[in-house]
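In: Please find the sequence and the predicted model below.
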Amino acid sequence: MPIGGILKRLLRRRASAPDDAEALRLEFKERYHHFKLLLGANRKALEIMSEIEEALHGHRPFGMTFVRAACTSVCVNVFSMIRGMERLAPGKYTALFSRYDAIQKDIEEILARPAPPRDPRLTIPIGALGRELADAAGPKMANLGEIRNRLGFRVPPGFAITTAAAARFFAYRELQTEIDRRLQAAEIPRFDALYALSAEIQQLIIRAPIPPDLETAIREAYAELEAECGPGVKVALRSSALGEDADGSSFAGQYRSELNVGRETLLTAYREVLASKYGLPAITYRLQRGFRDEDIAMGVGCLAMVSAVAGGVVYSCSPVDPRDRRLFIHAAWGLPKAVVDGSTASDLFVLSRDDPPELLAAEVREKDRRYLCYPEEGVCRMELSGPERLQPSLTREQAVEIGRIALALERHYGCAQDIEWALDEGGDIVILQCRPLSARAAAAGADPSPAHEEQSVLCRGGITASPGAAAGPVFVAERTADMLSFPQGAVLVVEQALPRWASLLGRAAAVVAAEGGFAGHLASVAREFGVPALFGLPGAVEHLRGAGEVTVDATGRAVYAGRRQALLEAPLPRPPLMQGSPVLRILEEAGRRIVPLHLLDPEALEFAPEHCRTLHDITRFIHEKSVLEMFRFGQDHHFPERSSKQLFHRVPMQWWILNLDDGFTEEVTGPYVRLEQIACAPMLAFWRGFTAVPWEGPPAVDGRGMLSVLFQATTDRSLNLGVRSRYAERNYFMISRSFCCLNQRLGFHFATLEAMVSERTAENYLSFQFKGGAADFERRLARVHLVGEILEELGFQVEIREDHLVARLEGQPREHLLKRIEALGYLALHTRQMDMVMANPARVESYRRKYRQDIARLIAGPEA
Amino acid sequence: MPQAHVLLVDDETVFTRNISKLLAHRGYRVTAVNSGDAALRALEEQRFDVLVLDLKMPGLDGIATLREMLKLGLFVETIILTGHGSIDTALEAVKLGAHDYLTKPCEIDELVAKIESAREKARGRPS
């Protein structure tokens, strides 16, 4: 005989002796205590599961800290439930422990999955690079190697400082450990905290020593470059981070590039680029897109500096409309920095896809500045005043050559490309960067400039940097510090479309910039995030400052005062940012061991510990069994004062009540308890709702009168607790003064209500679950949705999975919750067998109206 | 309800100073110590309602401190603070009788909620 059985026997024997009543009461108190803890753990576990489910949609940014914390918390709470169950029924459900252990082991394995081993080289010359070395050199450098070595186009000479080198640097003197320690705060989405943290970590990196072997490797590689390009050759250091150019994510402009660096400052510049992994834009981007810190290994490219006459970007199709297959070249004088920064206007050349491409259009803009290399080190910005301001920065031949290269690269990579190029002093085109272009389609059929009342137009014109329309209050950002106060959902208005504003795109409704075009980093990120962006709108800051709420129609290239609903009607869906990210994949895998629910029918043979495949299964199983065990205690022990009583209201009802603590107003002897002896506020509220409006009886349905009906069943004495008939009506209440746990089973469905309602508002909660029915799945589903809709109107948080509804409400004042419980009591009676008529929309509508009216009356009615 | 006495154990003095101040504002009496050994001594000397214990400390770490407490019969409802959420350590702490755990850095409201729920549990615990 299992230990539990022996214990029970002992207890039963003890219970029969009146002297032991006190021991039994203590035993009961102990069990009640564990039962309450178990319910608390259950509630917490379900809460986190729903958080995980929400996160799995991929719309909200989260990182590994969230994944670890959520998994840990679910595990701990489920484990607490199992332990509680063990206290309630010792030895009876031990199989749960081994099921739990197996699931936990799986989850831990998923969370701890190690990164694949790396190529051990610290530097690799560009002549040896190709696509296959993307993990070692980072995708950017691997691509440049591919372009040079396989396609024969010109790229600057140079070498990659590998991801293994960065790993070596961060491991040296436990730098990474220190960073991780400080980063623990990073997932608290408090911008000011992140801001300070980012600066602190970057300083730490910039001041950190370089391991001697790494220093030697870099110096040697540089010496080889000098041998090729001449002594003291100036270089550009560019990030080439893993994940940087991954499909659908661009990390555009998130990392630093150091231009025109000499031998002496090489190592400092290297650290600056590494440090930019922890720059504010990069940290927020990782969080928003679901990259783990460790997913981003920083490769760095060290490339001979190209002293560019002109530079820019070419797209092998339109970045805002992938159906537009023309080539778009953006060009400015000097280094391409001016174009990718979005800091100046650039010329636009549009070409056909012919071989060779044909120049279809050229828009030459007034270019007021250019970037060029200082003779010693660094770059400077020069204002342009001569005639070149208005001259095209490329000749027709040069534009055609760039177009030809773009088409060749697109063919090679098999998808549209975003290419950064420079025109060197010898007139050659040099490729500096090449990555897949993430294009976003404008809404199909959207009219580019719908006619709206002219008087409400605040600005018009500019360039659609990212299509769509959105509304929000104007927020003008001028200094970096302004980012701290940027409100969620505001319209970001800036002078220049600088990459640093990218940190705000997770929170911005739209972006408007006076300067900048769609080739800039900020535009790329806006497209990636699906945030409408309208750039190149002179005077935008002055026109929009203090304008309050505005509607930005980036597609139609105008900004309107107030909300223009017609423009907002068909918003472009925001792409699920986390999709395809490593963090989301890990959560998906772990989630499969946590969230799905397989144990649905407590009457089924499979409703057993061995069949628990997920943590949700375990919670469902324990919740069901713990209730039974609590009742069984009263039954088994014939506990004179506290065993379950049958509710007597005019007649004996099929409502069975177990007083857990102080649920009765007085000592109740005999088998019945009267309604007025009940002190439990939530149960009384349920009763009030249940009896408020007489039921009209079951809806007329075809010949299925065999179905038991609650009100008949509740007065049917022949039905008894413990009769385990499939059609048996069972209403179990476990109560104390402020707590009520109702398990209601009628025919084919079950409902559970758990409520804690006292003056301590913070602890108050209400949880209601509902499942099943006799009708086919479609109609059951329709009923569940009808109930869900009504509950949502009452302020519940409602989740529906298949025909299973879970509604929650918490932290609300006592009276507020009691009124909601009344509504639940009302619904418990009146939605009975509603599933049978759900196929008739007119009937459903009339029921919906009736429910709404009745509930509104209940809520407005007098308080208890 | 009488003022609750909280014992706060963490080797990071900046953390203990801040949290002590915040808890004091919320009406708690707080004693802060910076090691597991000091925590055991404090528990032997006086009665506390709730213990807030950091897992990672030099010398006697959080888990070892919990073990010692059990051995010495110095039980008090405990909230564990962890850096990274790790299922194993959190579970071990809970198996050793800790009431709950929190990831650092923690929001003060959350900590207060957990302290209150630990007190509630202590009250409900059958004597």
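Out: Structure received.
In: who's in contact with residue A:770?
Out: Going by C-beta atoms under 8 Å, 6 or more residues apart in numbering or on different chains, residue A:770 touches A:749, A:750, A:751, A:784, A:787, A:804, A:805, A:807. For glycine as for every other residue, the C-beta is placed from the backbone atoms N, C-alpha and C.
In: continuing past the helix or strand harbouring it, what's the next helix or strand?
Out: Element membership for residue A:770, per DSSP states H and E: strand A:765-772. For strand A:765-772, the following helix or strand on the C-terminal side (DSSP H and E) is helix A:777-793.
In: any idea of the mean pLDDT in that following helix?
Out: Helix A:777-793 shows an average pLDDT of 84 in the prediction.
In: Just give me how far the strand holding residue A:770 sits from the chain centre.
Out: From the chain centre to the centre of strand A:765-772 is a distance of 25 Å (C-alpha atoms, centre = their mean, to the nearest Å).
In: Kindly calculate the angle that it makes with helix A:777-793.
Out: 160 degrees (axes from the mean of the first three to the mean of the last three C-alpha atoms, to 10 degrees).
In: Parallel or antiparallel, which strands does strand A:765-772 pair with?
Out: Sheet pairing of strand A:765-772 (DSSP bridges) gives strand A:749-756 (antiparallel), strand A:804-810 (antiparallel).
In: CA atoms only: put that strand into CSV for me.
Out: C-alpha atoms of strand A:765-772 as CSV (Å, rounded to 0.1, in the frame of the first residue of the first chain):
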residue,chain,number,x,y,z
TYR,A,765,-7.8,38.6,-8.3
LEU,A,766,-10.4,36.8,-10.3
SER,A,767,-9.8,34.0,-12.7
PHE,A,768,-12.4,32.3,-14.7
GLN,A,769,-12.1,29.3,-17.1
PHE,A,770,-14.6,27.8,-19.4
LYS,A,771,-14.5,25.0,-21.8
GLY,A,772,-16.5,22.5,-23.7
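In: give me every residue that touches residue A:680.
Out: A:663, A:733, A:735, A:736, A:737, A:738, A:739, A:740.
In: Go again with 6 Å.
Out: A:663, A:735, A:740 (C-beta atoms under 6 Å, 6 or more residues apart in numbering or on different chains).
In: Skipping adjacent residues, who's closest to it in space?
Out: Leaving aside its sequence neighbours, residue A:680 sits nearest to residue A:735 (C-beta to C-beta, 6 or more residues apart in numbering or on different chains; 3.8 Å).
In: For that neighbour, name its beta-bridge partners.
Out: With DSSP bridges as the rule, residue A:735 is bridged to residue A:659, residue A:740.
In: and the strands paired with strand A:765-772 as JSON lines, adding distance to residue A:52 and mean neighbour count?
Out: JSON lines is the format used below for the strands paired with strand A:765-772 (distance: least, C-beta to C-beta, whole Å; neighbours: other C-beta atoms under 10 Å in any protein chain shown):
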{"stretch": "strand A:749-756", "distance to residue A:52": "21", "mean neighbour count": "22"}
{"stretch": "strand A:804-810", "distance to residue A:52": "14", "mean neighbour count": "20"}
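In: one step back: tell me the least confident of the contacts of residue A:770?
Out: residue A:749 (65).
In: for the chain, longest helix please?
Out: Since you didn't name a chain, this refers to chain A. Taking DSSP state H as the criterion, chain A has its longest helix at helix A:21-56.
In: Can you look at chain B instead?
Out: Assigned via DSSP H, chain B shows its longest helix as helix B:108-124.
In: Can you name the helix or strand that the residue nearest in space to the middle of chain B falls in?
Out: For chain B, the residue nearest the mean C-alpha position is residue B:52 (1.6 Å; C-alpha atoms, centre = their mean). In this assignment (DSSP H and E), residue B:52 forms part of strand B:50-54.
In: now for the longest helix of chain A, which elements pack on it?
Out: helix A:64-88, helix A:615-637 (3 or more C-beta pairs under 6 Å, 6 or more residues apart in numbering or on different chains; DSSP states H and E).
In: Do a quick rundown of the strands in the stretch 351-500 of chain A.
Out: Assigned by DSSP state E, counting those that start in this stretch, the strands in the stretch 351-500 of chain A fall at A:359-363, A:369-373, A:379-383, A:417-423, A:429-436, A:457-460, A:463-466, A:469-476, A:491-496.
In: cool, and chain B?
Out: Ranges of strands in chain B, per DSSP state E, are B:5-9, B:29-33, B:50-54, B:77-82, B:100-103.
In: What residues of stretch B:77-88 count as buried?
Out: Buried residues in stretch B:77-88, counting neighbours by 16 or more other C-beta atoms under 10 Å in any protein chain shown, are found at B:77, B:78, B:79, B:80, B:81, B:82, B:84, B:85, B:86, B:87.
In: Could you list the low-confidence segments of chain B?
Out: Scanning chain B for pLDDT under 70 picks out B:1-2, B:83-85, B:104-106, B:124-127.
In: how does it look with 90?
Out: Where chain B drops to pLDDT under 90, the residues are B:1-3, B:10-26, B:54-61, B:70-75, B:80-114, B:116-127.
In: for the strands of chain B, which one sits closest to residue A:319?
Out: Within these, the stretch nearest residue A:319 is strand B:100-103; the backing value is 40.4 Å (C-beta to C-beta).
In: which SSE is residue A:93 in?
Out: Going by DSSP H and E, residue A:93 is not part of any helix or strand.
In: my guess is it meets residue A:85, correct?
Out: Yes - the pair residue A:93 / residue A:85 is scored as a contact, 5.4 Å apart, by C-beta atoms under 6 Å.
In: more neighbours, these two?
Out: The neighbour count for residue A:93 versus residue A:85, taken as other C-beta atoms under 10 Å in any protein chain shown, is higher for residue A:85 (26 against 22).
In: ok, the closest residue to the more buried one other than its chain neighbours - how many residues close by?
Out: Spatial nearest neighbour of residue A:85, chain neighbours left out: residue A:622 (5.0 Å); criterion: C-beta to C-beta, 6+ apart. When neighbours are defined as other C-beta under 10 Å, residue A:622 has 26 of them.
In: what's the distance between residue A:622 and residue A:615?
Out: As judged by C-beta to C-beta, to the nearest Å, residue A:622 and residue A:615 stand 11 Å apart.
In: thinking again about what came up before, just put the contacts of residue A:680 in CSV and tack on pLDDT and neighbour count.
Out: Formatted as CSV, the contacts of residue A:680 follow (pLDDT from 0 to 100; neighbours: other C-beta atoms under 10 Å in any protein chain shown):
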residue, pLDDT, neighbour count
A:663, 88, 26
A:735, 85, 26
A:740, 85, 27
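In: Closest one to residue A:498 out of these, please.
Out: residue A:740 (58.2 Å).
In: quick one: the closest one and residue A:755 touch, right?
Out: Yes - when contacts are counted by C-beta under 6 Å, residue A:740 is listed as touching residue A:755 (5.0 Å).
In: intersection of neighbour lists for the two?
Out: Contact criterion C-beta under 6 Å, 6+ apart; residues shared by residue A:740 and residue A:755: residue A:682.
In: circling back to that earlier point, would you mind saying which of the strands of chain B lies nearest residue A:609?
Out: Comparing the strands of chain B by C-beta to C-beta, strand B:100-103 comes nearest, at 25.5 Å.
In: That closest one and chain A, any residue contact?
Out: Yes - counting by C-beta under 6 Å from any C-beta of the partner chain, chain A is contacted by strand B:100-103 at residue B:103.
In: partners of the residue nearest to the centre of chain B in the sheet?
Out: Under the criterion used (DSSP bridges), residue B:52 bridges to residue B:8, residue B:79.
In: That one contacts residue B:5, correct?
Out: No - at 11.5 Å, residue B:52 does not count as touching residue B:5 under the criterion of C-beta under 6 Å.
In: okay, the angle between the longest helix of chain A and strand A:804-810?
Out: Using the same axes, to 10 degrees: helix A:21-56 against strand A:804-810 is 100 degrees.
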